Structures are given as C-alpha cells and as structure tokens.
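K.L.:
Sequence first, then the predicted structure, then my questions.
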Amino acid sequence: MGSRQVRLNATLKDSGNNPIANKTIQFFYRASGSTTWTSAGTATTNSSGVASVTVTVTTPGTYDFRAYFAGDDQYESTISLTVTPL
C-alpha cells in the first residue's frame, strides 16, 4: 500500500455552541503506540468555526490524530475532530 491522505477537520465553538472564527488550530498525528507527535500543520477557523488540513501518511497502520487550540483571553478550547479518508 502506498501513501494515504486524510482530511482532519476541527470545529471550534464557544460555550453557547456558537462557532468561533479566525482562530488558529494546530493539528498533529502519530502512529498508534508511538509517543512522538508529528505536526500536520495549522489552519484558521472559518465563519463556521471549522479548520481543516490534509495529511499524507506513508506507512500503513493505525494512527492517532489531535487538534489543539491554545485558547486566548476570551476562549478556552472546545474541539471536535473528524478524520475523513480521501
């Protein structure tokens, strides 16, 4: 099996379930069982609170994915992550 692409989507919402736009989300992945996370890039949330990146994994196996919003003086993080094979 060759490389495989997956799209990572993170949705950032406030405590009232309203989308939060223009915030930077960092994405990471690792092979399951590994302790080392690899950056998959960053993206800015759109008006729906969604940020997306596409990552290419080159080794067959199972992977863990993570999205991280550092928070700011207005918001704490609330993130849901969806992984979609391409």
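P.N.:
That came through fine. Keep in mind the model is a prediction, meaning the values are calculated, not measured. Numbers count the residues shown, from 1 in each chain.
K.L.:
ok, Gln74 - how many residues close by?
P.N.:
Number of residues near Gln74 (other C-beta atoms under 10 Å) recorded here: 8. No exception for glycine: its C-beta is placed from N, CA and C like everyone else's.
K.L.:
Work out for me the element it sits within.
P.N.:
No secondary structure element spans Gln74, as it lies outside all helices and strands (assigned by DSSP states H and E).
K.L.:
residue contacts, it?
P.N.:
For Gln74, the set of contacting residues under the criterion of C-beta atoms under 8 Å, 6 or more residues apart in numbering is empty.
K.L.:
Numbering from 652 from now on, please.
P.N.:
Shifting the count to begin at 652 puts that one at Gln725.
K.L.:
Can you say which helix or strand has the residue most central in space within the chain in it?
P.N.:
The residue at the geometric middle of the chain, judged as the C-alpha nearest the mean C-alpha position with C-alpha atoms, centre = their mean, is Ala718 (3.5 Å). Counting by DSSP H and E, the element that carries Ala718 is strand 714-719.
K.L.:
what's the spacing between that strand and its chain's center?
P.N.:
Using C-alpha atoms, centre = their mean, to the nearest Å, the distance from the centre of strand 714-719 to the centre of the chain it belongs to is 6 Å.
K.L.:
Next, the angle strand 714-719 makes with the host helix or strand of Phe679.
P.N.:
Under the criterion DSSP H and E, the helix or strand holding Phe679 is strand 675-682. Strand 675-682 and strand 714-719 meet at an angle of 160 degrees, taking axes from the mean of the first three to the mean of the last three C-alpha atoms, to 10 degrees as the criterion.
K.L.:
Alright, I will stop here.
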